[in-house]
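> need a 3D model of the sequence below.
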Amino acid sequence: DDRPRKAARRRRLGAAGVLMTPFFLLLTAVFLIPVGTAVWLGFFSDDQPGLGFGPERTVFTGLRSYAAVLGDPTFVGGLATVGLYVLVYLPLMVIGSLALALLLDSGVVRLRAWAQMALFLPHAVPGIIAAIIWLYLYTPGLSPVIDLLGKADITVDFLGIHTVLPSIVNISLWSNLGYNTVVFYAALQAVPREVLEAAVVDGAGPVRTAIRVKAPLVRASTVMVSMFTLIWALQLFTEPMLISQATSVVNSRFSPSMYIYDAAFTRNNYGLAAAASVILLAITIALSYGVTRWTRRADNAEGETR
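As a prediction, the model looks like this:
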């Protein structure tokens, strides 16, 4: 009789539904509804008939706002800037945090708990405060670092056209390197000790053990850190927004997020801002999906070679 089996299956599905309901409610409230609202707003625009002297009204414009965003060279330029930022920031973040985690796990660093706290402490500083601190250190006439370099006849313009992006990367690294180091360090603690002991018995030194044994075993954490870092980097906003107050190199549309802010709160064009938001979301989802597929193929290829 299949009835007891079907009843047990219904109970399992019911329990799963009850447990998943809060997640789906939260997903709908904080993601699906805002995204749907942004997509809907992107189809409309405020229009003033009568040569701009008539009453303002909202009209359906279809894909005009989306086309305007994609055809705007400032938005495309912002995407290129963020793309360059990602190419510099992502490898430095992932490799740097993994290297620090391996160093902590190796036991070379004394007072490990204090070292972890020192690395994590910058992440506890709010992003806007971190940007203000570094803006102070980047500003000529205020920065003790620039004054010290000047005494050594070294002139550095941290907010110049060729240095402002590395300066932004530095702020982001300072703020988030410790957090990702802790993530990697926690993953390294789960590596079976017998595997490491076997590597030592086979004659592997500390460096080889770290690179050839430990790093591959935390690959899942590497993918997760890379994914979250990529998503965060595509939303670059706080650092360039504050730096724009001190240099003309960073304009109000330096990044896609700044373009969206400018469209909504400076130009009061909410349809254009919504369309730009949806396009940025689509790019983020596409890149995240690409990273996931590439990782899955790499894992399958590695499994086949074994």
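> count the neighbours of the closest residue to L63 other than its chain neighbours for me.
Spatially, and ignoring its direct neighbours in sequence, L63 is nearest to F43 (7.6 Å; C-beta to C-beta, 6 or more residues apart in numbering). To be clear about C-beta, it is placed using only N, CA and C from the backbone, and glycine gets the same treatment. Look at F43: counted by other C-beta atoms under 10 Å, it has 17 neighbours.
> and L119, how far from Y179?
8 Å (C-beta to C-beta, to the nearest Å).
> please say which of the two ends up with more neighbours.
L119 (20 against 17).
> confidence score at the more buried one?
For L119, the model assigns a pLDDT of 80.
> check S248 too.
90.
> pick out the residue nearest the middle of this structure.
Centroid-nearest residue in the chain: W232, 1.6 Å away (criterion: C-alpha atoms, centre = their mean).
> and it, what is it in contact with?
N176 (C-beta atoms under 8 Å, 6 or more residues apart in numbering).
> again, only using 10 Å
86, 89-90, 93, 172, 176 (C-beta atoms under 10 Å, 6 or more residues apart in numbering).
> also T238?
T238 sits next to 126-132, 168, 171-172, 175, 257-258 when contact means C-beta under 10 Å, 6+ apart.
> could you flag which of those are buried?
127, 130-131, 168, 171-172, 175, 257-258 (16 or more other C-beta atoms under 10 Å).
> a markdown table for those residues, including distance to V39 and pLDDT?
A markdown table is the format used below for the buried ones among the contacts of T238 (distance: C-beta to C-beta, whole Å; pLDDT from 0 to 100):
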| residue | distance to V39 | pLDDT |
| --- | --- | --- |
| G127 | 28 | 83 |
| A130 | 33 | 88 |
| A131 | 31 | 88 |
| I168 | 30 | 95 |
| I171 | 33 | 94 |
| S172 | 29 | 94 |
| S175 | 32 | 90 |
| S257 | 18 | 96 |
| M258 | 21 | 96 |
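> looking at those residues, which one is closest to N251?
Checking the buried ones among the contacts of T238 against N251 by C-beta to C-beta gives M258 as the nearest, at 8.2 Å.
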